[in-house]
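Undergrad: mind looking at a prediction? Sequence and model below.
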Amino acid sequence: MNASSIVTIALTDPGEGLTEAEILEIKVAVGDRLEINAPVVEVETAKSAVELPSHVAGTVVEILVAVGDEVPVGAPLMRVDTAGGPAPADPAPAGGTVPADGAAQVVGAADEDSAPEADPSAEELAEQAAPAAADAEPKNLVGYGERGGTGPRRRRRRAAPAQESASGQVPIDRILAKPPVRKLARDLGIALHDVLATGPEGTVTRQDVLNAQQRAYGAETDGDFFPEESPQAPEHLHDVMKTTRDQPFSGVTSDERTTRVPIRSVRKRTAEAMVASAFTAPHVTVFNEIDMTGVMRIVSQLRSSREWADVKVSPLAVIAKALLVAIRRNPEVNASWDEDGQEIVYKHYVNLGIAAATPRGLIVPNLKDAHLMTLRELAEGIGELARTARAGRTSLRDTRDGTITITNYGVFDIDSGTPILNPGESAILGVGAIKEKPWVVDGRIEPRRVATLSLSFDHRLIDGALGAELLRDVSAVLEDPSLGLVWG
């Protein structure tokens with residue numbers, strides 16, 4: 001190994017003004033051969049999980065971070081020998097530490113601390129000369145050394161067995177899991193290092209991931225932002241708000257009376273954004289209870305139509321369309337406050353945000369140019385945002401430049417609330433549970449499907465009269481959808 005050929009791969013900002021990120025998965029092991037643009041780690045940012053690629057080709061000689069670490073932008077992740085030589089006989093394990101001086105090496109810099117490489121033994125030379133047929137052996141699990149078989153790589157020491165937890169199960173220090181199990185964990189928003197493994201030699205199984213999801217997040221909900229009917233609150237909803245002692249998340253400390261969980265990733269960024277919004281934009285909220293019977297009738301008709309058989313239809317699409325019609329009638333609400341320029345910026349487009357509660361926390365992806373979309377396009381776009389958000393794959397582009405947002409707390413069987421603005425936006429429409437209630441219709445009391453709408457807005461941009469006008473127009477279209485044809 002030539003010291004001058006050692007290159008350090010550092011954590012880069014994937015494009016959202018990132019200052020730090022949590023390591024979700026290390027996708028390579030010491031001794032692995034890297035190609036340019038090959039993914040090396042997966043990190044959790046403020047919006048989603050992102051794979052970071054290598055900018056060099058070579059052999060991984062040292063990994064400087066571990067799964068669960070909070071790493072600042074610019075910090076070294078791993079070192080790569082760009083000469084492509086064999087891995088050291090005694091490589092530093094995954095999760096090794098950065099040298100005490102903290103100096104990160106850059107491309108082309110010499111590794112002055114590197115010891116001269118010892119001449120390979122006869123056994124190692126034999127391994128390197130093994131026939132190419134060894135390549136047909138199963139590849140190593142991500143982040144770990146060889147588990148058996150022969151191959152051109154040097155033999156690496158087996159990881160020391162992990163200590164058992166108080167529950168008798170083995171925590172995952174070095175994650176062993178098959179690719180389908182890793183995919184399941186990613187889709188469910190479960191970090192593999194937070195899973196208690198019960199498989200052979202500490203392997204994470206599919207059931208382990210499902211058990212971790214149940215412990216961490218409680219009962220599953222419908223998954224739709226705006227279900228056809230407001231479901232009852234999950235029996236174990238309180239489990240969403242706590243971490244159980246038998247699920248040892250990284251950094252958690254617990255005793256008989258309290259459990260402390262580090263504030264990280266999406267939750268941390270959400271808190272920062274909400275505090276900034278609450279103390280920057282003066283919030284005003286207005287409410288209106290409306291008859292949603294007509295909306296539910298339309299949704300039912302569309303679901304039974306062959307033309308809409310391939311589209312998942314929910315009341316959200318109709319609510320979104322009603323909001324867009326109301327914005328067209330009140331365009332002044334679609335604006336932002338430019339503090340630096342001391343200007344109000346009126347926008348001639350609507351990027352409609354959909355607040356999504358995911359296992360990682362709250363995110364708000366948005367539909368670009370939603371004002372140009374048909375009802376069908378809105379339904380398809382919202383469905384795609386929902387699927388992507390639940391899988392933790394929301395792109396940075398989908399979270400940027402939102403103008404107005406819709407949020408739903410009706411899915412938790414809540415009637416109303418006072419939502420906080422997404423930073424930089426002018427208004428947010430909240431929708432409560434749709435419930436059957438007695439309603440006066442033409443002087444008669446009839447059972448109707450009723451919901452409460454709440455509109456929070458930035459009082460610097462929208463005065464009370466304009467905010468009330470917007471909510472009134474949204475309500476009018478939802479109570480009489482035919483107005484959408486007249487006003488739209």
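TA: Looks like it arrived, so ask away. Numbers count the residues shown, from 1 in each chain.

Undergrad: mean confidence score for stretch 289-307?
TA: Throughout stretch 289-307, pLDDT has a mean value of 94.

Undergrad: which parts of that stretch are buried?
TA: Neighbour-count burial for stretch 289-307 flags 290, 291, 292, 293, 294, 295, 296, 298, 299, 302 (criterion: 16 or more other Cβ atoms under 10 Å). Every C-beta, even on glycine, is put in place using the N, C-alpha and C of the backbone.

Undergrad: isn't the last one right next to residue 313, touching?
TA: Read that as residue 302. Yes. Contact between residue 302 and residue 313 holds when scored by Cβ atoms under 8 Å: they sit 4.6 Å apart.

Undergrad: residue contacts, residue 429?
TA: Shown in contact with residue 429 (Cβ atoms under 8 Å, 6 or more residues apart in numbering): 319, 323, 404, 405, 406, 407, 453, 454, 455, 471, 474.

Undergrad: now it: closest residue in space that isn't a chain neighbour?
TA: Ranked by Cβ to Cβ, 6 or more residues apart in numbering and with sequence neighbours excluded, the top spatial neighbour of residue 429 is residue 406, at 5.0 Å.

Undergrad: how far away is the one you found from residue 470?
TA: When Cβ to Cβ, to the nearest Å is the yardstick, residue 406 and residue 470 sit 13 Å from each other.

Undergrad: quick one, which of the two is more surrounded?
TA: When neighbours are counted by other Cβ atoms under 10 Å, residue 406 and residue 470 differ, and residue 470 comes out ahead with 26 against 23.

Undergrad: what is the helix or strand encompassing residue 299 packed up against?
TA: Applying DSSP states H and E as the criterion places residue 299 in helix 293-303. In terms of contacts (3 or more Cβ pairs under 8 Å, 6 or more residues apart in numbering; DSSP states H and E), helix 293-303 is packed against helix 315-329, strand 444-458, helix 464-479.

Undergrad: so for the last one, mean pLDDT?
TA: Same thing as helix 464-479. Model confidence over helix 464-479, given as mean pLDDT, is 96.

Undergrad: and stretch 333-352, which residues are buried?
TA: Buried positions in stretch 333-352, judged by neighbour count with 16+ other Cβ under 10 Å: 333, 334, 335, 336, 337, 347, 350, 351, 352.

Undergrad: okay, who's weakest in the residues you listed by pLDDT?
TA: For the buried residues of stretch 333-352, the pLDDT minimum is residue 337, 88.

Undergrad: the residue nearest to residue 429 touches residue 318, doesn't it?
TA: No. Using Cβ under 8 Å, residue 406 and residue 318 do not qualify as a contacting pair, with a distance of 11.4 Å.

Undergrad: just the helices in the stretch 251-400 of the chain please.
TA: Secondary structure of the stretch 251-400 of the chain (DSSP state H, counting those that start in this stretch): helices located at 265-280, 293-303, 315-329, 375-390, 396-399.

Undergrad: got the angle for the second one vs helix 375-390?
TA: With axes from the mean of the first three to the mean of the last three Cα atoms, to 10 degrees as the criterion, the two stretches helix 293-303 and helix 375-390 enclose an angle of 90 degrees.

Undergrad: the third one too?
TA: Orientation check (the same axes, to 10 degrees): helix 315-329 against helix 375-390 gives 120 degrees.

Undergrad: how about residues contacting helix 315-329?
TA: Outside of helix 315-329, the residues within contact range by Cβ under 8 Å, 6+ apart are 224-226, 228, 292, 295-296, 298-299, 333-334, 350, 352, 354, 367, 370-371, 373, 375, 378-379, 382, 404, 406, 408, 429, 431, 434, 470-471, 473-474, 477-478, 481, 483-484, 487-488.

Undergrad: what about 7 Å?
TA: Helix 315-329 is contacted by residues 225-226, 295-296, 298-299, 333-334, 350, 352, 370-371, 375, 378-379, 382, 404, 406, 429, 431, 434, 470, 473-474, 477-478, 481, 484, 487-488 when judged by Cβ atoms under 7 Å, 6 or more residues apart in numbering.

Undergrad: who touches residue 195 in this structure?
TA: Residue 195 touches 172, 204, 208, 209, 212, counting by Cβ under 7 Å, 6+ apart.

Undergrad: export those residues to TSV and tack on distance to residue 422, pLDDT and neighbour count?
TA: What follows is these, written out as TSV (distance: Cβ to Cβ, whole Å; pLDDT from 0 to 100; neighbours: other Cβ atoms under 10 Å):
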residue	distance to residue 422	pLDDT	neighbour count
172	36	38	23
204	36	82	26
208	36	80	22
209	31	79	24
212	30	73	22
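
Undergrad: need the residues you listed in TSV with distance to residue 445 and secondary structure, can you?
TA: Formatted as TSV, the contacts of residue 195 follow (distance: Cβ to Cβ, whole Å; DSSP: H, G, I helix; E, B strand; the rest coil):
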residue	distance to residue 445	secondary structure
172	59	coil
204	57	strand
208	54	helix
209	51	helix
212	49	helix
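
Undergrad: report the two of these separated the most.
TA: When the contacts of residue 195 are compared pair by pair using Cβ to Cβ, the two farthest from each other are 172 and 209, 11.2 Å apart.

Undergrad: my guess is residue 62 contacts residue 79, does it?
TA: Yes. Residue 62 sits in contact with residue 79 when judged by Cβ atoms under 7 Å, with a separation of 4.3 Å.

Undergrad: separation between the closest residue to residue 358 other than its chain neighbours and residue 356?
TA: The shortest distance from residue 358 to any non-neighbouring residue, by Cβ to Cβ, 6+ apart, is to residue 389 (5.3 Å). Taking Cβ to Cβ as the measure, residue 389 and residue 356 are separated by 4 Å.

Undergrad: any residues in contact with both of these two?
TA: Taking Cβ under 7 Å, 6+ apart as the criterion, residue 389 and residue 356 both touch 363, 365.

Undergrad: out of these two, which sits in the busier spot?
TA: Under the criterion of other Cβ under 10 Å, the comparison of residue 389 against residue 356 puts residue 389 first, with 26 against 19.

Undergrad: residues touching that one, list them.
TA: For residue 389, the contact set (Cβ under 7 Å, 6+ apart) comprises 356, 358, 363, 365.

Undergrad: mind checking pLDDT for residue 124?
TA: Residue 124 is assigned 44 on the pLDDT scale.

Undergrad: tally of neighbours for the closest residue to residue 351 other than its chain neighbours?
TA: Among residues not flanking residue 351 along the chain, residue 366 sits closest, at 4.5 Å (Cβ to Cβ, 6+ apart). Other residues near residue 366 come to 25 when the count uses other Cβ under 10 Å.

Undergrad: what does residue 260 give?
TA: For residue 260, which is what you asked about, the neighbour count (other Cβ under 10 Å) is 11.

Undergrad: gap between it and residue 44?
TA: When Cβ to Cβ is the yardstick, residue 260 and residue 44 sit 20 Å from each other.

Undergrad: tell me which residues of stretch 378-387 are tucked away?
TA: Going through stretch 378-387 with 16+ other Cβ under 10 Å, the ones that come out buried are 378, 379, 380, 381, 382, 383, 385, 386.

Undergrad: do the same with stretch 318-331
TA: If you call a residue buried by 16+ other Cβ under 10 Å, then stretch 318-331 has these buried ones: 318, 319, 320, 321, 322, 323, 324, 325, 326, 327, 330.

Undergrad: any idea how far the third one lies from residue 326?
TA: Looking back up the chat, that one is residue 320. 11 Å.

Undergrad: where does the stretch 151-300 of the chain dip in pLDDT?
TA: Low-confidence regions of the stretch 151-300 of the chain, defined here as pLDDT under 70, cover residues 151-174, 179, 187-189, 213-257, 259, 261-275, 278-279.

Undergrad: any idea which of the helices and strands packed on helix 293-303 is most buried?
TA: Each of the helices and strands packed on helix 293-303 was assessed for mean neighbour count using mean count of other Cβ atoms under 10 Å. The highest is helix 315-329, with a mean of 23.
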